[in-house]
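**Q** Using only what follows, build the 3D model:
(one chain, ligands or ions: 1)
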Amino acid sequence: MKAEKEKDTLVLHAVTNENAKKIAVAEIIDLSFGKETHEIKERKNLRVIELDAEPGKTYTFNKYFAVFTDNDPVTVSVTDSAINCVKRAKDRGYEACLKEHNAQWATKWETCDVKIDGDDEAQIALRYSIFQLLIVAPVRGTGNSIPARALSGQVYKGAIFWDTEMFMFPFFLYTYPEKAVELMRYRIKTLDGARRKAQTEGAGFRGAFYAWESQETGDDACTYFNIGDPHTGRNLRTHFRDKQVHISGDVAIAMWEYFKITGDDLLLLEGGAEVILECARFYYSYAYFKKDKNRYEILDVIGPDEYHERVNNNAFTNMVVKATFEIAMAVIGYLKHNHPAELDALIMKIDIAEELPCFAEAAELLYIPQPDKETGVIEQFDAYFKLKEATIEELKAQKIHPDEYMGAGQGLAVPTKIIKQADVVTMLNVFRDRYSTEIKKANWEYYEPRTEHGSSLSACGYAMVAAEFGNLDFAYRYFMKTASIDVEAKYKVYVGTIFMGGSHPAANGGAWMTAVFGFGGVKADENKVTIQPRLYKKWNALQFTLFYKGDRFAIKITQKAVEIIANAANKRRHTFIVAGKSIDCSPGSTYTIN
Ligand code: IFM
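**A** Model prediction:
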C-alpha cells in the first residue's frame, strides 16, 4: 500500500496479493476554516485540521471519497479515475451529490421494493434484505458476481457459490435484469476455470465442473480439508469441492431461466449456450450407466445436505442433472431454429456433435428417486431411510464441543437422518412444477423435523413449500427467520474452528422469494405468469414489481383481490393466470381480479 498527495487530494494505492489488482482510494475535503496540514506516515495518509473553535459557532466540512479498482470499467488508470471522481464531486458540492445519490436509490426502489402493508416488522426485515442485495449488485459491464458473504466476512474468501444462482439470482431476474445478466456473465467468463476443474478433479471429466467456491478465474477456493475440528485443531476432510456436482446444473438452470423470463437470447449467443452444453457434457461424463437396470445413476456426490457426503442418487442432484440435459436439448432446438449458423459454429468450436444425442438418452434414462407410493416421501439419497432416527436435540446433547461440526467423516449427524439444510425440499422448490402439492406437503412434514437449518439457505425453502400447501403460520415464521437474519444477526457464529460472521445474501434473496413466490404465489415460465396468492393473515397488502420479457408490471395483492398494472411503455400483451383466471395484460392497462 502506498500513500500520496496529489495537490489537495489524498490518495492510497494498493495491489492485491494474488491477482495483482490495483485499488485506489482518493479523498478530498471541502473546508472553509482553520489550518490544514498533511502528513504521510508509513502507510497512513493523515489530514490534520487545527482550529480555534469559537463558542456557539458551527464548523462544517465535507469529505468526498472515491474507490476504484481494476474491476471497474475505467478509461484512465484507477488512480486517475479516483482523483477525477472526487474532484468532480467536490466541484458539484455535497447537496448536488446527495440529490443524485437519492435519485439513483429512488430509481432502484421503484422497481425492487416489496411493500407489506400491515406488518412493519416484516417490512423492515424484507427491505433490509433487499437493500443488502442492491448494495452488492455487480456494476454493469463487469461480469462480476456476488459472493456468499457479499462484501462482508472472511469465511468464504469472497468466493461465489450456488447461493448466487439459486437464491439471489431470482430477485435480480424479476426486478433488475441488468444485474441478473452480469451474474450470468460471470459464469461465462469463468467457463475455462470450470473446464480446468472438470479435467483435474478426481479421475478427470469432460465439460464444465464449476467451482464450489469460485474465484475470479473460475478456479476453486474450496480446500479439501475445509473445516477445522475444535477438539484436535486438525482440518477435516470434506468433499464440498469435489463432490458437490450440482453446482454446474444450478448454473445451467439459471442461464436458461434468464432466457425464458427475459426472452432475450443475446446471453445464450455470447457464451450462455456454450456454458449449458459444457455443463451437460460434464454430467454425461460423470454419470454411470447401470446395464442391469438400464438406467443412468449419479453416484458419489453431496447434495445440499452437507452432513451426508459421498452419497448415491441424491434426488436433488439427479433432478438438476436431468434438467441440465433437457435444457441442453432445448438450447440446441432453439438455436437450430433461430440461429443455425451460430449453432454450427458453436458445435464446431467445442467439438460436441457426437455427444449431443447422448444427452437426450441420458435425460430419459436417468434415475430420479420417486415418491414412495404410500407415504409420498422421496428418499433423499440411496439408503437414507436406513439411517438411524435421531432428534436434533439428542445430537446437540452429545456434542463434546459446542462448535463441533456434525458432518464430514465422523460427525454426529452422519449415521443419522438429521440433515443440515433443505435438500428434497429445495428440489421441490426449484422444480415446483413437477410435483403436486400433496407430495410437497408429505415431504415437508417428513423432512422438517429432521432438518437442523444449519445453513442460512434452509429456512426459505421450507417457508415457500409451507405457503404452497397452506401452512401460512409456519411459512411466516420461517420467512421472518430468513428476512431478519442480518438485522438480528442470529446465526451460527462458529462451525468447527471457522468464524462464520458476515452478511447472508442468499437468505436475503430467499426472503424476497418467500414474499413474492411464497406468499404472492408468483410462478412464471416462457409463456405466462401465474399468480396464486396466499397472503398472510396479518398482511393487508403485498405490492411488488415484476419484469417479464422486457416489460414491467406492478402487482398489488390484497386479501380480496389482485391488481395488475401493465406499464404504459410495455411492448406487447402478456398472459397472466390469476387464481385460475386467464388475463391478457395489454400495455398501459390495469386489471383487478377479485
Ligand atoms: O452454499 C452454502 C452451502 O449450501 C451451505 N454452507 C454454506 C454455503 C455458503 O453459503
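
**Q** list the buried ones in stretch 139-155?
**A** Neighbour-count burial for stretch 139-155 flags 143-150, 153 (criterion: 16 or more other CB atoms under 10 Å). Glycine gets a C-beta too; all of them are placed from N, C-alpha and C.

**Q** which one of those sits closest to Glu100?
**A** Asn144 (23.0 Å; CB to CB).

**Q** Pull up the per-residue confidence for that closest one.
**A** Confidence at Asn144, expressed as pLDDT, is 93.

**Q** Spit out the contact partners of the spatially closest residue to it that is not a sequence neighbour.
**A** Excluding the flanking residues, the one nearest Asn144 by CB to CB, 6 or more residues apart in numbering is Pro138, at 3.9 Å. Listed by CB atoms under 8 Å, 6 or more residues apart in numbering, the contact set of Pro138 reads 144-146, 179, 182-183, 186.

**Q** In JSON lines, list those residues along with distance to Asp351.
**A** Listed next are the contacts of Pro138 as JSON lines, based on distance: CB to CB, whole Å:
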{"residue": "Asn144", "distance to Asp351": "30"}
{"residue": "Ser145", "distance to Asp351": "28"}
{"residue": "Ile146", "distance to Asp351": "33"}
{"residue": "Lys179", "distance to Asp351": "34"}
{"residue": "Glu182", "distance to Asp351": "29"}
{"residue": "Leu183", "distance to Asp351": "28"}
{"residue": "Tyr186", "distance to Asp351": "25"}
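
**Q** Would you point out the most distant pair within those?
**A** Lys179 and Tyr186 (11.2 Å).

**Q** show me what contacts whichever residue of the stretch 401-550 of the chain sits closest to the ligand?
**A** Using CB to the nearest ligand atom, the single residue of the stretch 401-550 of the chain nearest to the ligand is Ser455, 3.9 Å away. Counting by CB under 8 Å, 6+ apart, Ser455 makes contact with 306, 420-421.

**Q** Can I get the buried part of those residues as one PyMOL selection?
**A** Selection of buried members from these for PyMOL, criterion 16+ other CB under 10 Å:
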select buried, resi 306+420+421
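
**Q** Rebuild the contacts of Ser455 as a markdown table, extending it with secondary structure, pLDDT and distance to Asp372.
**A** Listed next are the contacts of Ser455 as a markdown table, based on DSSP: H, G, I helix; E, B strand; the rest coil; pLDDT from 0 to 100; distance: CB to CB, whole Å:
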| residue | secondary structure | pLDDT | distance to Asp372 |
| --- | --- | --- | --- |
| Glu306 | coil | 97 | 24 |
| Lys420 | coil | 97 | 23 |
| Gln421 | coil | 98 | 22 |
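
**Q** ok, which of the contacts of Ser455 also contact the ligand?
**A** Glu306 (CB under 6 Å from any ligand atom).

**Q** Out of the contacts of Ser455, the closest to Lys571 would be?
**A** Using CB to CB, the contacts of Ser455 come closest to Lys571 at Gln421, 40.7 Å.

**Q** from what I can see the closest one touches Glu306, true?
**A** Yes. Counting by CB atoms under 8 Å, Glu306 is a contact partner of Gln421 at 7.4 Å.

**Q** can you give me the end-to-end distance of stretch 191-207?
**A** End-to-end span of stretch 191-207 (CA to CA, to the nearest Å): 9 Å.

**Q** and what of stretch 308-321?
**A** For stretch 308-321, the end-to-end distance is 19 Å (CA to CA).

**Q** Which of the residues in that stretch are classified as buried?
**A** Those would be 308-309, 311-321, for stretch 308-321 by 16+ other CB under 10 Å.

**Q** tell me the two of those that are most distant?
**A** Glu309 and Met319 (19.3 Å).

**Q** thinking again about what came up before, same list (the buried residues of stretch 308-321) but as JSON lines, adding secondary structure.
**A** Shown next, in JSON lines, are the buried residues of stretch 308-321 (DSSP: H, G, I helix; E, B strand; the rest coil):
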{"residue": "His308", "secondary structure": "coil"}
{"residue": "Glu309", "secondary structure": "coil"}
{"residue": "Val311", "secondary structure": "strand"}
{"residue": "Asn312", "secondary structure": "coil"}
{"residue": "Asn313", "secondary structure": "coil"}
{"residue": "Asn314", "secondary structure": "coil"}
{"residue": "Ala315", "secondary structure": "helix"}
{"residue": "Phe316", "secondary structure": "helix"}
{"residue": "Thr317", "secondary structure": "helix"}
{"residue": "Asn318", "secondary structure": "helix"}
{"residue": "Met319", "secondary structure": "helix"}
{"residue": "Val320", "secondary structure": "helix"}
{"residue": "Val321", "secondary structure": "helix"}
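
**Q** can you pull up the bridge partners for Glu39?
**A** Leu46 (DSSP bridges).

**Q** my guess is it meets Lys5, correct?
**A** No. The criterion here is CB under 8 Å, and Glu39 misses it with Lys5 at 9.6 Å.

**Q** The ligand contacts on the stretch 1-150 of the chain?
**A** Ala148.

**Q** all helices of the stretch 1-150 of the chain, in order?
**A** 78-92, 94-112, 120-135 (DSSP state H, counting those that start in this stretch).

**Q** quick one, which of these is nearest to Gln543?
**A** helix 120-135 (10.8 Å).

**Q** The very next helix or strand once past the closest one near the ligand at all?
**A** Later in the chain than helix 120-135, the nearest helix or strand by DSSP states H and E is helix 162-163. Yes. Shown here: helix 162-163 in contact with the ligand (CB under 6 Å from any ligand atom) through 162-163.

**Q** quick one: the helices in the stretch 301-450 of the chain?
**A** Using DSSP H, counting those that start in this stretch, helices in the stretch 301-450 of the chain cover 315-338, 340-350, 356-365, 392-398, 424-430, 437-447.

**Q** That'll do, ta.
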